[in-house]
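Colleague: Coordinates only, no sequence provided:
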């Protein structure tokens, strides 16, 4: 057969050379291929809640979707009802007063906010402080925009918190943004008032925009804290939040960024060129979600608490060590000294036990000897995974 000539080729943008396909995108394809071959793979990798939102939230979406007038383009700033609901939520649970008119911007998930904040503030050559280990999207977005990523290490022996003294000894003159994520993913480290106070002080002293990504504040966590509750925080800080984890609405893509009106205006300037507003019934359903009683969170965490106990048992079988006080919807565990690496152990478990647990290296070099297990799996499947580890 004559080989067809590739007579026309359009080169991709140079920016794609600085990022690769997202690890989970590639891994899910591999897991799907194994399942097609008949293997019953238990996926304990991704933090996508398997439960449904409150029944009233779903009913609101259905009811409002039937209204003919709700299908038009919506405001780039979100409907007033949603901004007010976010403001009330922050006041009630975080003790933070936000002006719903100009200090809150609804987003299509907080991941979108990482891009829009970066687009609003970063120029090529600017530097960005990114936690190691940390969420890979912070670095990926910075690179796509031509900024320079500077990883700051988080160490288990220092309770997975920034070493502010060490950072101050470095040249920070080109740093524009510092990404934080407390409660922390992947380590499950809790937020603290003193941590946030140090972050705000650091931002003010060095004229750095400090952004806290805060989607895990309600999961297995009894104390909600916000970077914005620190006095003067709005001068140098923004905070992202989301309904994905706290309300079982990951696929709905509902989040927000909050902070000083001038910063929100800048983010909106970028965002308004990217989309045409959010479906109104989705926004009204989000209002209903934010109005759920405290019992919603208690019931959600009762489920995760039972699952976490089984997850601890899985890691016991693997002879991993972990902190029982961690929060969020994952369990982060250090592999035994006898294991070559987290990636090697993850692959071994996948192919010998048909269980996928995320290797920590994808969150940075500091995670190379760790595994991260998601609690977004029913108890019976977690128990099955544990049984497989025992064989």
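Modeller: Received the coordinates, thanks. The structure displayed is predicted, hence computed values, not measured ones.
Colleague: what are the ranges of the strands in the protein?
Modeller: For the chain, strands defined by DSSP state E occupy the ranges 42-43, 104-107, 127-132, 148-153, 175-180, 209-213, 237-242, 255-259, 321-322, 330-334, 355-356, 358-359, 370-374.
Colleague: mean confidence for the first one?
Modeller: The one in question is strand 42-43. The predicted model assigns strand 42-43 a mean pLDDT of 95.
Colleague: Same check on stretch 363-377?
Modeller: The predicted model gives stretch 363-377 an average pLDDT of 97.
Colleague: same deal with stretch 85-95?
Modeller: Averaging pLDDT along stretch 85-95 yields 98.
Colleague: What are the buried residues along that stretch?
Modeller: Within stretch 85-95, the residues scored as buried using 16 or more other CB atoms under 10 Å are 85-87, 89-90, 93-94. Where you see a C-beta, it was placed from the backbone N, CA and C, and this is true even at glycine.
Colleague: now swap in stretch 265-273 and tell me
Modeller: The neighbour-count check on stretch 265-273 (16+ other CB under 10 Å) flags 266-268, 271 as buried.
Colleague: Give me the helices and strands touching the helix ranked longest in the chain, please.
Modeller: Taking DSSP state H as the criterion, the chain has its longest helix at helix 294-317. Under the contact criterion of 3 or more CB pairs under 8 Å, 6 or more residues apart in numbering; DSSP states H and E, helix 294-317 touches strand 321-322, strand 330-334, strand 370-374, helix 379-390.
Colleague: Tell me where the protein is predicted with low confidence.
Modeller: Regions of the chain meeting the criterion pLDDT under 70 cover residues 1-8.
Colleague: Residue 182 is in contact with residue 190, isn't it?
Modeller: Yes - between residue 182 and residue 190 there is a contact at 7.2 Å, judged by CB atoms under 8 Å.
Colleague: Specify which residue of those two has the higher count of neighbours.
Modeller: For residue 182 versus residue 190, neighbours defined as other CB atoms under 10 Å are more numerous around residue 182 (26 against 22).
Colleague: State the distance from the closest residue to the more buried one other than its chain neighbours to residue 328.
Modeller: Leaving out its chain neighbours, the residue that sits closest to residue 182 by CB to CB, 6 or more residues apart in numbering is residue 191, at 3.9 Å. To residue 328, residue 191 is 11 Å away according to CB to CB, to the nearest Å.
Colleague: Repeat that for residue 147.
Modeller: In terms of CB to CB, residue 147 sits 27 Å off from residue 328.
Colleague: So between those two, which is more surrounded?
Modeller: The residue with more neighbours, out of residue 147 and residue 328, is residue 328; 28 against 23, by other CB under 10 Å.
Colleague: Now that one. Nearest residue, chain neighbours left out?
Modeller: Excluding its sequence neighbours, the residue lying closest to residue 328 (CB to CB, 6+ apart) is residue 216, at 4.0 Å.
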